[in-house]
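> mind looking at a prediction? Sequence and model below.
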Amino acid sequence: MTRFDACAGLQGGQPFDGEAVARLLRRYGIGPAEQAAVRAFGRIVSAAELATGLLERLNLDDEHAEAGLGRALRGFCRELAGVGQWDFLPGWPAALQSSWSECYLGGAVAEFPFIAVDALIGLCHERLFGERAMVHRLELDIQRALVRLGWCLGGLLATAAVDHEQNSRLAAEDGDPVLGLPNRRRFLALLGDMLPSPQSGQQLGLVVLQVEWGRSVDVLALDERDLLRLAMSEVMHGVLRSKDILCSIRDDEWAVLMPDLRHAAQVSLAGHKLVDACETMRSNSFPALRARFCAGGALAPEQAEAPLALEQAARSALVVAKAGGRPFDLYGGEIAARAEGEAAFETEVARALESQQFQLYLQPQVALPSRRVVGAEALLRWRRPDGRHVSPPEILRVVERIGLTPLLSRWVVQQAAQILATLTARGCDLRVSVNVVADDLNDPELPLFIRQTCDTWRVSPSRLCFEITESGLVSGEAASAETLKLVRQEGGRLALDDFGTGYSSMDYLRRLPLDELKIDKSFVERISASESDRAIVELMVRIAHTFNLEVVAEGVENREAEDALSRMGCDVAQGYLYAPPMPVHEFVDWWARAEAVLAAEHP
């Protein structure tokens, strides 16, 4: 059971019993006298005769036309024509309602029952009175009873149509419209219904799977994203048991309810199989896309006795699996402690940003071959109260997850401008480079913020260089290019970072208003030992100079790499050969010493 329609079990109409029929008849004033009049009519005119006349009036007498809906409507009309044989027990209105439900679900308009009842009453009138001018009192009583009964049946069938509309609305609210799977609302209801009690001896497993797509997925058309989600849902369904229920609880998140488990190993097995199936599908069917699949699992009632507690346990395991780089983790005591640690770390990061505990260290950039210092890259650093230094990727991972990236980016710009003011006061007229993430490029207010910040600290925007990674440009490319143009118009410099590691390097050089190109250290660190890497770096330098760009090589660790880069014509180098990243005051002292050495070498 994986599809939403299999889970919902929604059907139109309400079941009838004797009391329900009695209430219906009372509502429309159909008492014993009216019931007797209807039975009398049933003895005068046969149901077959009425059915034939009704089909003719409604143009449904062609047995070969409209095989699907037409056949259902003909069946409904034949059932309706049996009104004279009704013994006023629950069976006949239930059968009539069922017949109408088939028509309605097949596409019949909601007004059709009233059209059919009106035609039937007219037909009964003709059969009762014909062309006679004189009519008997009994015939008038029969006619009035049939009219009341007609409105009764019309109301009954209209209610069935309304029930179907309500059920369709509920189905839309409880199901993913693309995947046909239970959505989060339905998932929570199912979880509550299926959760076993501690005394039952049963076990329910829950797996929550999450996919983190690379930026290349963001540019897919909506129908392509839908096909991607459908493919994932189908491949996951293929590795589950028939009794397991697959739910789509967010755009890129699924949950699997696993009833009647015998042991926790079944949850682990399912989690690993789901992740493996998704990764195999991606590599085979969507090899150009990048993604990370992770899952977490939990078992009830062993690890949780309430629905939300069970989901929280599975999510805690998911968080720990992602943090540890593993495909799956099962909730347990250690997992709970680590999940709490992750949550506490998120809080600590947020507080550190709020209280400005972060710092920007500077790593010098030197011109080749002179080694004259021309700039520095500002790199994020954070030392926790316990003395441990936290790596920038770890900080950025958490900041992005908790939605504080815009706040951090603006803090970095402000700090860089303040650093430039400090450098100017010490006679150090250098430029400072800062990193820009993908979300920043979609912020239309970024250029104005940069100008206002530079005005506040009285520094020129031309001394700020904004480094953009290729992966950051894939998402929202049109908006990104426009933001970059505005930054350039404000006077800021632009650099393409990690060149050669993305998808469309050459295209970016052609279309974006760049000033610098930074060659990734993964290429630079091997140029002394690898002919192919040396040839690649040399080609990158030539290409950059063709576009009138300054070339900065990252990760220069030894003299051999520096000499090779100088021969290639690389403009600027950065790396531990010259200095590690350092606090601003240490950088100023280092710069002063470097300037003194250059002055002594070139008096």
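That came through, no problem. Residues are numbered from 1 along each chain as shown.
> mind checking what helix or strand follows the helix or strand that contains residue 488 in sequence?
Using DSSP states H and E, residue 488 sits in helix 477-489. Moving toward the C-terminus from helix 477-489, the next helix or strand (DSSP H and E) is strand 493-499.
> tell me where the chain has strands.
Secondary structure of the chain (DSSP state E): strands at 204-213, 245-250, 253-258, 291-300, 328-330, 359-367, 373-383, 389-390, 431-436, 464-469, 493-499, 516-519, 550-553, 572-573.
> mind listing what's buried in the second one?
In this case it means strand 245-250. Within strand 245-250, the residues scored as buried using 16 or more other C-beta atoms under 10 Å are 245-249. (Glycine included, C-beta is placed from N, CA and C.)
> take the residues you listed and lay them out in JSON lines including distance to residue 304 and pLDDT.
Formatted as JSON lines, those follow (distance: C-beta to C-beta, whole Å; pLDDT from 0 to 100):
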{"residue": "245", "distance to residue 304": "18", "pLDDT": "93"}
{"residue": "246", "distance to residue 304": "20", "pLDDT": "94"}
{"residue": "247", "distance to residue 304": "17", "pLDDT": "93"}
{"residue": "248", "distance to residue 304": "22", "pLDDT": "91"}
{"residue": "249", "distance to residue 304": "17", "pLDDT": "90"}
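> state the mean pLDDT of stretch 586-596.
Mean per-residue pLDDT for stretch 586-596: 94.
> I misspoke; the intended subject was stretch 126-133.
77.
> keeping just the C-alphas, turn stretch 554-573 into CSV.
Listed next in CSV are the C-alpha coordinates belonging to stretch 554-573 (Å, rounded to 0.1, in the frame of the first residue of the first chain):
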residue,chain,number,x,y,z
GLU,A,554,45.7,29.4,-4.8
GLY,A,555,47.5,26.8,-2.8
VAL,A,556,51.1,27.7,-3.6
GLU,A,557,53.1,25.6,-1.1
ASN,A,558,56.7,25.5,-2.5
ARG,A,559,59.2,27.3,-4.7
GLU,A,560,58.9,24.7,-7.5
ALA,A,561,55.2,25.6,-7.9
GLU,A,562,55.9,29.3,-7.7
ASP,A,563,58.6,29.1,-10.4
ALA,A,564,56.4,27.1,-12.7
LEU,A,565,53.6,29.6,-12.3
SER,A,566,55.9,32.5,-12.9
ARG,A,567,57.1,30.9,-16.2
MET,A,568,53.5,30.5,-17.2
GLY,A,569,52.8,34.2,-16.7
CYS,A,570,50.5,33.8,-13.7
ASP,A,571,50.0,37.3,-12.1
VAL,A,572,49.3,36.6,-8.4
ALA,A,573,50.0,33.7,-6.0
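> what about it, distance to the chain center?
Chain-centre distance of stretch 554-573: 44 Å, with C-alpha atoms, centre = their mean, to the nearest Å.
> number the residues from 16 up from this point.
Taking 16 as the first residue, the last one we looked at is stretch 569-588.
> and for that stretch, what's in contact with it?
The contact list for stretch 569-588 (C-beta atoms under 8 Å, 6 or more residues apart in numbering) reads 380-384, 389-390, 533-537, 539-540, 542-543, 549, 552-553, 556-557, 560, 565-568, 589-593.
> let's see it at 6 Å
Identification of contacts with stretch 569-588 by C-beta atoms under 6 Å, 6 or more residues apart in numbering yields 380-384, 533, 536, 539-540, 542-543, 553, 556, 565-568, 589-592.
> of all the strands of the chain, which one is nearest residue 161?
strand 260-265 (49.5 Å; C-beta to C-beta).
> check which helices and strands that closest one sits against.
The contact analysis (3 or more C-beta pairs under 6 Å, 6 or more residues apart in numbering; DSSP states H and E) places strand 260-265 against helix 199-209, strand 268-273.
> what comes up buried for the first one?
It stands for helix 199-209. Within helix 199-209, the residues that count as buried by 16+ other C-beta under 10 Å are 199, 201-203, 205-206, 209.
> tell me which of those is nearest to residue 40?
Distance from residue 40 was checked for each of those by C-beta to C-beta. The minimum falls on residue 201, at 37.7 Å.
> okay, the closest one: pLDDT?
For residue 201, the pLDDT comes out at 88.
> just residue 517 next, same as before
53.
> can you get me the start-to-end distance on stretch 298-305?
End-to-end distance for stretch 298-305, by C-alpha to C-alpha, to the nearest Å: 9 Å.
> mind checking how far that stretch is from the chain centre?
That offset, for stretch 298-305, works out to 18 Å (C-alpha atoms, centre = their mean).
> quick one: average pLDDT of it?
Mean predicted confidence for stretch 298-305 is 85.
> what does stretch 446-465 give?
Per-residue scores along stretch 446-465 average to 85.
> now do the buried residues in that stretch.
Those would be 446-458, 461-462, 464-465, for stretch 446-465 by 16+ other C-beta under 10 Å.
> roughly how far does residue 533 sit from residue 523?
Distance of residue 533 to residue 523, given as C-beta to C-beta, to the nearest Å: 12 Å.
> could you do residue 468 as well?
Residue 468 is 26 Å from residue 523, by C-beta to C-beta.
> same check on residue 585?
For residue 585, the distance to residue 523 - C-beta to C-beta - is 19 Å.
> low-confidence ranges, the stretch 266-415 of the chain, go.
By pLDDT under 70, the low-scoring segments of the stretch 266-415 of the chain are 348, 351.
> all helices for it, in order.
280-300, 322-339, 348-369, 407-416 (DSSP state H, counting those that start in this stretch).
> before we move on, back to that, residue 251: which of the buried residues of strand 260-265 is nearest?
Residue 251 has its nearest neighbour among these in residue 261, at 5.9 Å by C-beta to C-beta.
> bridged to that closest one, which residues?
Going by DSSP bridges, residue 261 is paired in beta bridges with residue 271.
> didn't residue 413 look like it was pressed against residue 362?
No. If you go by C-beta atoms under 6 Å, residue 413 and residue 362 don't touch, sitting 9.9 Å apart.
> center of this protein, which residue is that?
residue 266 (2.3 Å; C-alpha atoms, centre = their mean).
> show me what contacts that residue?
Contacts for residue 266 (C-beta under 6 Å, 6+ apart) come out as none.
> tell me how far it lies from residue 248.
Counting by C-beta to C-beta, the gap from residue 266 to residue 248 is 12 Å.
> cool, and residue 392?
Counting by C-beta to C-beta, the gap from residue 392 to residue 248 is 44 Å.
> low-confidence ranges in the stretch 466-615 of the chain?
In the stretch 466-615 of the chain, residues with pLDDT under 70: 485-495, 515-522.
> let's see 80
Low-confidence segments of the stretch 466-615 of the chain, defined by pLDDT under 80, are located at 484-497, 513-526.
> residues near residue 410, how many?
Per other C-beta atoms under 10 Å, the neighbour tally for residue 410 reads 18.
> please apply the same query to residue 47.
Around residue 47 there are 9 other residues, counting by other C-beta under 10 Å.
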